[in-house]
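A.B. asks: Coordinates only, no sequence provided:
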């Protein structure tokens, strides 16, 4: 049992975290960066009649760098180490986990989450994804619940050790959330909190860094920490004065969040954003444009100087006659030419924008503005332009790999027994059951899998994270095609290893090539009982056969 913790203790730690963020001026930095990114670049500036133009090249530069990093569809793949003792069982588990990764990625919209996290890291300095278990999700099976994820701003995450950016090394982590007072009270009442009625909205002195204070919301603090006895992650949820939910054991061995810095800062878990160092360039361009516009508005048009003693009033009407009281008309009026603007201004503006973008890899060729004299050269230059962001891309890949390990923890703890779609285990009993059912052993079919085996099995998961273009079905298909054309691969193996969805009737082709008769599944050709094998665990073969029978009876 973890130690008891009070709401005051959590709130004091939260205030300590706020103090550190204020010390490094994080809140003001994030606000300034966000304003410049969305185009509010004259916020708080007294213009005194000066034009306030915005030529937001920062946003285009940031979005270009971001698209280079997260534009590819990333894929998680679990594989077994070659040193594993029971490699066959481990490979099957890895296959099931990999298939579950694909389903989770689609369910939580992993691509969208990564783009949002990358955007936050580029603009604010840090990106964070928090994973949690949603027990309300219907799965269509006997067990309910699924993994859910959300992106959290760096201003709402507090590390217990702010000098270490590694998540799993933290003594504790606090996540601050804004919740409706009624929802917080309802949740506290649900978990049996005695003082749930004391939960009230935040006041001006409760959080000095929150500009969105309203009279119907309260700051809820989720504190996570690793218990030394159980070596698992515990959690408690509180407000400033009330414990909404008493400490509970999540049974996870890893903190369920990943953290990414755009640029590392030594001895600080907060990084430096891409925009912070570019704001002076943006201000310089905006000011040059503003002063040039003011100059054009005041001096760009010609001025007419005329002799008032001879002309009472000047008439600018087109085609109008101007009367002159005698004398020579040559010295009656004169047009003053406007003062020209130095061409260096336009040159400096263009040079500033181009050099800023080029230093970040956003060259004209990479942005699609170069002339395609040579296709290979254009591609080579675009790849070279992406080199400065390669380190940030690898940091993102590491975050995805860490997120995959967190997903495995949730599978181990919360999934229980679920039906999965995978190949049949290579086991003599399964082989015998397959013969009765008339199903190829290598055929994938729905079957029940106990995910708690991820705890007891002696194996280590290795996660391969990469762009889909490098680790993809397309690359696999091309390789299989080449092997088939050269005769190095039989047609049967070609069909077995072909990814699903590309060849209609793939399983029927495999049956026909293997000589398995395609008999319609019915109770007449599938026996109902199987004699148990002596020395084996009672019911093992019967259970395996039952799963196969359900598989072949599928419509």
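C.D. replies: That came through, no problem. Keep in mind that this is a model prediction, so the values were computed, not measured.

A.B. asks: Please, which helix or strand holds residue 123?
C.D. replies: helix 110-124 (DSSP states H and E).

A.B. asks: Show me what that helix is packed against.
C.D. replies: Judged by 3 or more Cβ pairs under 8 Å, 6 or more residues apart in numbering; DSSP states H and E, the packing partners of helix 110-124 are helix 26-38, helix 57-70, strand 74-80, strand 126-134, strand 146-151, strand 257-261, helix 390-410. Bear in mind the C-beta positions are built from the backbone N, C-alpha and C, glycine included.

A.B. asks: model confidence over the last one, on average?
C.D. replies: Yep, that's helix 390-410 we're talking about. For helix 390-410, the mean pLDDT works out to 88.

A.B. asks: List the neighbouring strands of whatever helix or strand comes next after that helix plus their orientation.
C.D. replies: Next along the chain after helix 390-410, taking DSSP H and E as the criterion, comes strand 417-423. Using DSSP bridges, strand 417-423 pairs in its sheet with strand 444-450 (antiparallel).

A.B. asks: Buried residues in the helix holding residue 123, which are they?
C.D. replies: Residues of helix 110-124 classed as buried: 110, 113-124 (neighbour count, 16 or more other Cβ atoms under 10 Å).

A.B. asks: Show me how far it is from its chain's centre.
C.D. replies: 5 Å (Cα atoms, centre = their mean, to the nearest Å).

A.B. asks: Okay, now the unreliable bits of the stretch 351-500 of the chain?
C.D. replies: Within the stretch 351-500 of the chain, the segments meeting pLDDT under 70 span 358-388, 422-445, 456-475, 500.

A.B. asks: sorry, back to before: need the buried residues of helix 110-124 in CSV (columns: distance to residue 263).
C.D. replies: Converted to CSV, those look like this (distance: Cβ to Cβ, whole Å):
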residue, distance to residue 263
110, 24
113, 21
114, 18
115, 19
116, 19
117, 15
118, 13
119, 15
120, 14
121, 9
122, 10
123, 13
124, 12
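
A.B. asks: Just give me the closest of these to residue 61.
C.D. replies: Of all the buried residues of helix 110-124, residue 122 has the smallest distance to residue 61: 9.7 Å, by Cβ to Cβ.

A.B. asks: Correct me if wrong: that closest one contacts residue 262.
C.D. replies: Yes - between residue 122 and residue 262 there is a contact under Cβ atoms under 8 Å: 5.5 Å.

A.B. asks: Can you list the low-confidence ranges for this structure?
C.D. replies: Residues of the chain meeting the criterion pLDDT under 70: 1-3, 71-73, 81-87, 204-215, 358-388, 422-445, 456-475, 500-501, 515-555.

A.B. asks: mind running it again at 50?
C.D. replies: 208, 365, 372, 374-375, 378, 468-471, 517-542, 544-545, 548, 552-555 (pLDDT under 50).

A.B. asks: Pick out the residue nearest the middle of it.
C.D. replies: residue 114 (1.4 Å; Cα atoms, centre = their mean).

A.B. asks: ok, it - contacts?
C.D. replies: Contact analysis of residue 114 by Cβ atoms under 8 Å, 6 or more residues apart in numbering lists 70, 74, 129, 396, 400.

A.B. asks: With respect to residue 508, which of those is nearest?
C.D. replies: Once Cβ to Cβ is applied, the member of these that ends up nearest residue 508 is residue 74, at 33.4 Å.

A.B. asks: taking the helices and strands packed on helix 110-124 together, which one is wrapped up most tightly?
C.D. replies: Mean neighbours per residue, mean count of other Cβ atoms under 10 Å, is largest over those for strand 257-261, with a mean of 23.

A.B. asks: Against which helices or strands is that strand packed?
C.D. replies: helix 110-124, strand 126-134, strand 268-272, helix 390-410.

A.B. asks: nearest to residue 20, of these?
C.D. replies: strand 268-272 (8.8 Å).

A.B. asks: Which parts of the very next helix or strand once past the closest one count as buried, going by neighbours?
C.D. replies: Next in sequence after strand 268-272, counting helices and strands by DSSP H and E, comes helix 279-299. Buried positions in helix 279-299, judged by neighbour count with 16+ other Cβ under 10 Å: 279, 281-282, 285-286, 288-290, 292, 295.

A.B. asks: same check, this time on stretch 13-25
C.D. replies: Residues 13-14, 17-18, 20-21 are the ones in stretch 13-25 that count as buried (16+ other Cβ under 10 Å).
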